[in-house]
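K.L.:
Here is a sequence together with a model predicted from it:
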Amino acid sequence: MAVSRALRRLLHIRNIEEEQSKLTLDVAEGDLHRLENVLVATIEREHQGRRLLVESVHSGQWMDRLGSLEEMRVAKLREAVLQPMIAEAKVEVAECRQEFLQRRVDRRQAETLIEEAEALESVETARRSQLALDDWFRNQLYRRGNEAAAEASKSVASRSLIDRNGAPGKE
């Protein structure tokens, strides 16, 4: 009983599904990291705006002060937009990770089925081989027994023939 083609095909499909879900997870994680990097850059932009505000207060440049206030305002707006996007991306990553893990479990189950079928096949092959060896050995013993019985019957027949005809050397 060989492992069926359907099981091997199932394993192949499970491998492909796992690879696809891994790629989807990688893309989702990449998107999340990109958004987090944009958030870090936005926070850095807000800090630069604050530094510019402090410098403009010391220098008395009101245009720099207005520019720094605008930088901080835009950074806060971007941060407010990015936070929900990051939260959504984290949920998506978690869902993709869960799907990937489920695909991995499915693939491993298919592998286990194939391994069990191969193990059963191996045991069955070993059993058949042992039966063949046992039969061969029994046949060898049977032949030897028949040959010995034939020799014994020839010997008995030749003795009885000699006894009927008279023993050689007796008169």
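P.N.:
Sure, I can see it.
K.L.:
does the residue nearest to the spatial centre of the chain count as helix, strand or coil?
P.N.:
Against the mean C-alpha coordinate of the chain, by Cα atoms, centre = their mean, the closest residue is residue 108 at 4.8 Å. The three-state assignment at residue 108 reads helix, by DSSP: H, G, I helix; E, B strand; the rest coil.
K.L.:
any idea which element residue 89 lies in?
P.N.:
Using DSSP states H and E, residue 89 falls within helix 62-165.
K.L.:
What is that helix packed up against?
P.N.:
helix 5-59 (3 or more Cβ pairs under 8 Å, 6 or more residues apart in numbering; DSSP states H and E). In short, each C-beta sits where N, CA and C put it, glycine included.
K.L.:
Mind giving me the packing neighbours of the helix it packs on?
P.N.:
Judged by 3+ Cβ pairs under 8 Å, 6+ apart, helix 5-59 is in contact with helix 62-165.
K.L.:
Now do the helix it packs on, average pLDDT.
P.N.:
Averaged across helix 62-165, pLDDT comes to 88.
K.L.:
Give me the distance from that helix to the chain's centre.
P.N.:
10 Å (Cα atoms, centre = their mean, to the nearest Å).
K.L.:
Now do that helix and helix 5-59, the angle between them.
P.N.:
160 degrees (axes from the mean of the first three to the mean of the last three Cα atoms, to 10 degrees).
K.L.:
Now do the same contact list for residue 52.
P.N.:
Residue 52 is in contact with 64, 67-68, 71, counting by Cβ atoms under 8 Å, 6 or more residues apart in numbering.
K.L.:
Please pick the buried ones from those.
P.N.:
Buried subset of those (neighbour count, 16 or more other Cβ atoms under 10 Å): 68, 71.
K.L.:
Dump the contacts of residue 52 to a markdown table, plus distance to residue 78.
P.N.:
Formatted as a markdown table, the contacts of residue 52 follow (distance: Cβ to Cβ, whole Å):
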| residue | distance to residue 78 |
| --- | --- |
| 64 | 21 |
| 67 | 16 |
| 68 | 16 |
| 71 | 11 |
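K.L.:
To what extent is residue 152 buried, counted in neighbours?
P.N.:
Residues near residue 152, counting by other Cβ atoms under 10 Å, number 10.
K.L.:
how much space between it and residue 87?
P.N.:
97 Å (Cβ to Cβ, to the nearest Å).
K.L.:
With residue 143 instead?
P.N.:
Applying Cβ to Cβ to residue 143 and residue 87 gives a distance of 84 Å.
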